[in-house]
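S.K.: Could you look at this predicted model? Sequence included:
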Amino acid sequence: MKKPLDTSALAQLFTAARSHNDWHDRAISDSDLQRLYDVWKYGPTSANCSPARVVFVRSEAARERLMPHLSSGNQAKTRAAPVCAIIGYDVKFYDRIPELFPHAPSARDWFTGSAEFADTTALRNSTLQGAYLMIAARAMGLDVGPMSGFDAAGVEREFFPDGDIRANFLCSLGVGKAEAVFERLPRLAFDDACELA
């Protein structure tokens, strides 16, 4: 058994971590984003299928392309964030299975017979990968602000025009303003959310 993380590490990742909506003006470099990817890419996915595809929106030009597709409540906070990650998923992720699952390259066939099964697999696993991205960002000292509230079809037309990538969710990255965080909302008790069988 590995040594558990200490209380301060768990606090940074979960118990004291917060979703942020307001940001300090501190840039995130290309190398920071590459280092972030080099951590979260190791999170497990079904058959190592790794369907997530991410656009890190940083430039003003890219930000202006994104703005029209956001709900009004998400525009100001996204504009203020140093980075907004568009977490998408490749609907043809299975074409990379021979490369990513080399001991069983025929596993590609598990997904080609049913578009519904492939889409469910891609959505589920890209969501996992987006969560790994957020945990890795927090581990690196960044703050996150995950969001729904956007026109997925519009984002896909603008950022994934080839049609093979679907938008899953958005997540702002940066150094959040602690003073702008509202009081922590309640969570369900163990007995309300869990069952021991």
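M.R.: Yes, it's here.
S.K.: contacts, neighbours, all on C-alpha from now
M.R.: Will do.
S.K.: Can you give me the distance of the most centrally placed residue in the chain to Arg18?
M.R.: In the chain, the centroid-proximal residue (Cα atoms, centre = their mean) is Gly130; its distance is 2.5 Å. Distance, Gly130 to Arg18, by Cα to Cα, to the nearest Å: 16 Å.
S.K.: what's the answer for His24, then?
M.R.: 15 Å.
S.K.: Compare these two and say which is more crowded by neighbours.
M.R.: Arg18 (19 against 13; other Cα atoms under 10 Å).
S.K.: residues in contact with the more buried one?
M.R.: Asp143, Val144, Val181, Arg184 (Cα atoms under 8 Å, 6 or more residues apart in numbering).
S.K.: Next secondary structure element downstream of the helix or strand hosting Gly145?
M.R.: Using DSSP states H and E, Gly145 sits in strand 143-147. Following strand 143-147 in sequence order, the next helix or strand is helix 152-159 (DSSP H and E).
S.K.: Return the list of helices and strands in contact with the helix or strand encompassing Ala62.
M.R.: Using DSSP H and E, Ala62 falls within helix 60-66. Counting by 3 or more Cα pairs under 8 Å, 6 or more residues apart in numbering; DSSP states H and E, the packing neighbours recorded for helix 60-66 are helix 152-159.
S.K.: For the helix or strand following the helix it packs on, which strands pair with it and how are they oriented?
M.R.: Where DSSP H and E defines the elements, the next helix or strand beyond helix 152-159 is strand 165-174. Each strand paired with strand 165-174, and its direction, by DSSP bridges: strand 83-90 (antiparallel), strand 143-147 (antiparallel).
S.K.: Helix, strand, or coil at the residue lying closest to Ser46 once chain neighbours are set aside?
M.R.: Of all residues not flanking Ser46 in the chain, Asn125 sits nearest, at 7.0 Å (Cα to Cα, 6 or more residues apart in numbering). Judged by DSSP: H, G, I helix; E, B strand; the rest coil, the three-state class of Asn125 is helix.
S.K.: ok, now how distant is Asn125 from Tyr89?
M.R.: 9 Å.
S.K.: And Leu100, by the same measure?
M.R.: 16 Å.
S.K.: Kindly report the same for Leu33.
M.R.: Using Cα to Cα, we find Leu33 at a distance of 18 Å from Tyr89.
S.K.: who's more crowded, those two?
M.R.: When Leu33 and Tyr89 are compared on other Cα under 10 Å, the one with more neighbours turns out to be Tyr89, at 27 against 15.
S.K.: in the sheet, who's paired with the more buried one?
M.R.: The partner residues for Tyr89, given DSSP bridges, come to Ala52, Arg166.
S.K.: I'd say it and Phe169 touch.
M.R.: No: in this structure, Tyr89 is not within contact of Phe169 by Cα atoms under 8 Å, at 9.9 Å.
S.K.: Tell me which stretches of this structure form helices.
M.R.: 7-10, 30-40, 60-66, 72-80, 97-100, 109-112, 115-139, 152-159, 190-193 (DSSP state H).
S.K.: Would you mind saying which of those helices lies nearest Arg53?
M.R.: helix 115-139 (8.0 Å; Cα to Cα).
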